[in-house]
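Undergrad: Turn this into a structure:
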Amino acid sequence: MAALPAGAAGHGIAHSKGRTELARALVVVALAGSLGVALLATALPAT
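TA: As a prediction, this is how the structure comes out:
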């Protein structure tokens, strides 16, 4: 879970330095991770 903010921060750094391919890869990883966390959260049993 802590990797998601790190990926988003890495995206911002890469984008600011003009490394667009790396920035795109990092944002895809961050978005996929967010989707995974959301899917895991919906799979938890209601209490």
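Undergrad: what are the ranges of the helices in this structure?
TA: 3-16, 20-43 (DSSP state H).
Undergrad: So which residue is dead centre in the protein?
TA: Compute the mean C-alpha point of the chain, and by Cα atoms, centre = their mean the closest residue is residue 30, 1.1 Å away.
Undergrad: That one touches residue 14, doesn't it?
TA: No. At 11.6 Å, residue 30 and residue 14 do not qualify as touching, with contact defined as Cβ atoms under 8 Å. Where you see a C-beta, it was placed from the backbone N, CA and C, and this is true even at glycine.
Undergrad: Give me the distance between residue 22 and residue 43.
TA: Distance check for residue 22 against residue 43: by Cβ to Cβ, to the nearest Å, it reads 32 Å.
Undergrad: who has more neighbours, those two?
TA: Using other Cβ atoms under 10 Å, the more surrounded residue of residue 22 and residue 43 is residue 22, with 15 against 7.
Undergrad: Just give the nearest non-adjacent residue to that one, would you?
TA: residue 14 (4.3 Å; Cβ to Cβ, 6 or more residues apart in numbering).
Undergrad: Report the mean per-residue pLDDT for stretch 21-33.
TA: Mean per-residue pLDDT for stretch 21-33: 92.
Undergrad: Just the pLDDT at residue 8, thanks.
TA: What the model reports as pLDDT for residue 8 is 88.
Undergrad: From the structure, what's the count of residues near it?
TA: By other Cβ under 10 Å, neighbour count at residue 8 equals 17.
Undergrad: repeat for residue 7
TA: That count, for residue 7 with other Cβ under 10 Å as the rule, works out to 20.
Undergrad: wait, isn't it in contact with residue 26?
TA: Yes. In this structure, residue 7 is within contact of residue 26 by Cβ under 8 Å, at 5.1 Å.
Undergrad: wait, what's in contact with residue 5?
TA: Listed by Cβ atoms under 8 Å, 6 or more residues apart in numbering, residue 5 has no contact partners.
Undergrad: how near is it to residue 47?
TA: Distance from residue 5 to residue 47, by Cβ to Cβ: 27 Å.
Undergrad: now residue 24
TA: Residue 24 is 39 Å from residue 47, by Cβ to Cβ.
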